[in-house]
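S.K.: Let's see this in three dimensions:
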Amino acid sequence: MKLDWHTPHDIPSAAMLRHPVHCISLGLGAGLSPWAPGTAGTLAAIPLYLLLQPLAVPAYLAVAAALFLLGVWTCGRTAAALGVKDHRAIVWDEVAGYLFTMTAAPPGWIWVATGFFLFRFFDVVKPWPAAAADRAVAGGLGIMLDDLVAAVYASVVLQAAAWLAGRYLEGVSM
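M.R.: Residues are numbered from 1 along each chain as shown. Sure thing, here's the model as predicted:
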């Protein structure tokens, strides 16, 4: 089934949400936002993160990896249905990317927000090799891979910030 969208910036019909594959890749509807769908997709990931946060790190990573693999399949199918390489309404890559960013993050809303902003920054900037992966890899894997790279960058910065904050707080309490 190939849908007739004129440009990658056209917003797909909400009717696509009736199909489970498209519903997932469109971030349960977050990708249908006419403004900043990637940001909306990342925001939609926060409740899922909060549900997964209590898991031990290995279990958390297993779930995040499973959701990444699910995204490879669903995002590839939705991109093919829309007839584009990576439609901006496809935001499951942001959901999975945010989850990877938040691996072993400290608890608290400051870290939820910091992870959000760091992931969005690296997702938009696409530092090497994210941009190269975005250009070179096709299909669902290509859609998901650049966000995984952005998540690694964001997670490293988040963990460094948490470590520095802990060191600062240790110094203050002495």
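
S.K.: Next one: the spatially most central residue of the chain from A62, what distance?
M.R.: Residue closest to the mean C-alpha point of the chain, counted by Cα atoms, centre = their mean, is E94 at 1.8 Å. Taking Cβ to Cβ, to the nearest Å as the measure, E94 falls 20 Å from A62. (Glycine included, C-beta is placed from N, CA and C.)

S.K.: host element of D93?
M.R.: helix 92-101 (DSSP states H and E).

S.K.: for that helix, the distance to its chain's centre please.
M.R.: Centroid separation between helix 92-101 and its chain, computed with Cα atoms, centre = their mean, to the nearest Å, is 3 Å.

S.K.: Need the CA coordinates for that helix. PDB is fine.
M.R.: Output of helix 92-101 as PDB, limited to C-alpha atoms (Å, rounded to 0.1, in the frame of the first residue of the first chain):
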ATOM      1  CA  TRP A  92       9.600   6.200  16.800                       C
ATOM      2  CA  ASP A  93      13.300   6.800  16.300                       C
ATOM      3  CA  GLU A  94      13.100   9.700  18.700                       C
ATOM      4  CA  VAL A  95      11.200   7.600  21.200                       C
ATOM      5  CA  ALA A  96      13.900   4.900  21.200                       C
ATOM      6  CA  GLY A  97      16.700   7.500  21.100                       C
ATOM      7  CA  TYR A  98      15.400   9.200  24.200                       C
ATOM      8  CA  LEU A  99      15.200   5.900  26.000                       C
ATOM      9  CA  PHE A 100      18.800   5.100  25.100                       C
ATOM     10  CA  THR A 101      19.800   8.600  26.200                       C
END
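
S.K.: Going C-terminal from the helix or strand of the chain with the lowest mean pLDDT, what's the next secondary structure element?
M.R.: Sorting the helices and strands of the chain by mean pLDDT, DSSP states H and E puts helix 130-136 at the bottom, at a mean of 80. Moving toward the C-terminus from helix 130-136, the next helix or strand (DSSP H and E) is helix 139-173.
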